[in-house]
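A.B. asks: Here is a sequence with its predicted model. Questions after.
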Amino acid sequence: MTAITAQMVKELRERTDAPMMECKKALTEANGDLAKAEEILRVRLGNKAAKASTRITAEGVVATYLSEDGKLAAMVELNCETDFVAKNEDFQAFAKQVAELVARHNPADLDALAQLPLEGKTVDEVRRELIGKIGENITIRRFVRIEAEGKVFPYIHGGSKIGVLLDLVGGDDELGKDLAMHVAAFKPKALDATSVPSELIESERRVAAEKAQQSGKPANIVEKMVEGAVQKFLKEVTLLGQGFVKDDKTTVEQLLKSRGARVATFALYIVGEGIEKKSTDFAAEVAAQAAAAKS
């Protein structure tokens, strides 16, 4: 039996917002497996235990680059320690420069991106100089590059905290802009059911099975309940299955068919998604911001 530590309870509580004793019970039942404990809490407490999946915990910006013809686009997430620095003009300018470099040079990974030339130096050298100037750690977390089948429509929301690139084939500019905005609002995890990671589907199936079995209904009914829950989940997390942001009676798939268009691909970045932000008291944060401003 794995020893359940206070740190493990704390981490599960931060992920789920569940009561401390419920977290400890779930961890004990899961023999210390955090992922399994989170599933147990979702069965017991419902959607409240899924809050952490949408919690934004780190600071920074999302920056995009789009070629004039809309055929080439890139998006970058650049992270820092405080929202104060995320608003810094030099920080934001660096993010935009990196996005353009990604589009033009198509680096294989973050290491290759770090070695690309920028202002007579490498990207990593410019990043380090910016750290020295601003006084906070700065990291390039991730990037994506799209060579469009149709035309790419970018969308930035919430002070550059959410970024979208959407490749629309057919349709028109209004449709492309609306769909990019829809992605930012509804945050689909995949284009369609075939693109949803199998581990997400299996996790949802296990949770649905546990809930259905607790109903006490016959096995054949339980099976239908589980399948129904999984199909509902797939509609909620796939772009084509979701109700359109401007008309929830029409799915995105139906809208695209009516307009003779299709989405080739899309990318969604949410700043700090999945990163736990270190907690700090208000006085310390103000002091850090003042020091950064002074430097």
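C.D. replies: It's in.
A.B. asks: Could you list the low-confidence segments of the stretch 51-200 of the chain?
C.D. replies: For the stretch 51-200 of the chain, applying pLDDT under 70 flags the ranges 51-57.
A.B. asks: Show me the strands in this structure, by range?
C.D. replies: 59-66, 72-80, 117-118, 121-122, 139-147, 151-157, 162-169, 243-244, 247-251, 262-270 (DSSP state E).
A.B. asks: for the chain, what spans make up the helices?
C.D. replies: Under the criterion DSSP state H, the chain carries helices at the ranges 6-16, 20-29, 34-45, 83-86, 89-105, 110-114, 123-134, 173-186, 198-213, 219-237, 252-258, 282-294.
A.B. asks: Dump these to TSV, plus mean neighbour count and distance to G272.
C.D. replies: From N, CA and C alone the C-beta is placed, and that goes for glycine too. Formatted as TSV, those follow (neighbours: other C-beta atoms under 10 Å; distance: least, C-beta to C-beta, whole Å):
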stretch	mean neighbour count	distance to G272
helix 6-16	17	14
helix 20-29	18	23
helix 34-45	20	19
helix 83-86	21	10
helix 89-105	18	14
helix 110-114	14	17
helix 123-134	16	18
helix 173-186	19	15
helix 198-213	16	20
helix 219-237	15	20
helix 252-258	17	26
helix 282-294	12	16
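A.B. asks: which one of the ones you listed lies closest to P154?
C.D. replies: helix 173-186 (6.6 Å; C-beta to C-beta).
A.B. asks: For my notes, please list the strands of the chain in JSON lines and give distance to V226 and mean neighbour count for each entry.
C.D. replies: Converted to JSON lines, those look like this (distance: least, C-beta to C-beta, whole Å; neighbours: other C-beta atoms under 10 Å):
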{"stretch": "strand 59-66", "distance to V226": "37", "mean neighbour count": "24"}
{"stretch": "strand 72-80", "distance to V226": "36", "mean neighbour count": "25"}
{"stretch": "strand 117-118", "distance to V226": "52", "mean neighbour count": "14"}
{"stretch": "strand 121-122", "distance to V226": "52", "mean neighbour count": "14"}
{"stretch": "strand 139-147", "distance to V226": "34", "mean neighbour count": "18"}
{"stretch": "strand 151-157", "distance to V226": "35", "mean neighbour count": "22"}
{"stretch": "strand 162-169", "distance to V226": "32", "mean neighbour count": "24"}
{"stretch": "strand 243-244", "distance to V226": "23", "mean neighbour count": "18"}
{"stretch": "strand 247-251", "distance to V226": "23", "mean neighbour count": "11"}
{"stretch": "strand 262-270", "distance to V226": "28", "mean neighbour count": "20"}
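A.B. asks: need these in a markdown table with distance to M20, can you?
C.D. replies: A markdown table is the format used below for the strands of the chain (distance: least, C-beta to C-beta, whole Å):
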| stretch | distance to M20 |
| --- | --- |
| strand 59-66 | 28 |
| strand 72-80 | 30 |
| strand 117-118 | 48 |
| strand 121-122 | 47 |
| strand 139-147 | 31 |
| strand 151-157 | 35 |
| strand 162-169 | 32 |
| strand 243-244 | 37 |
| strand 247-251 | 38 |
| strand 262-270 | 28 |
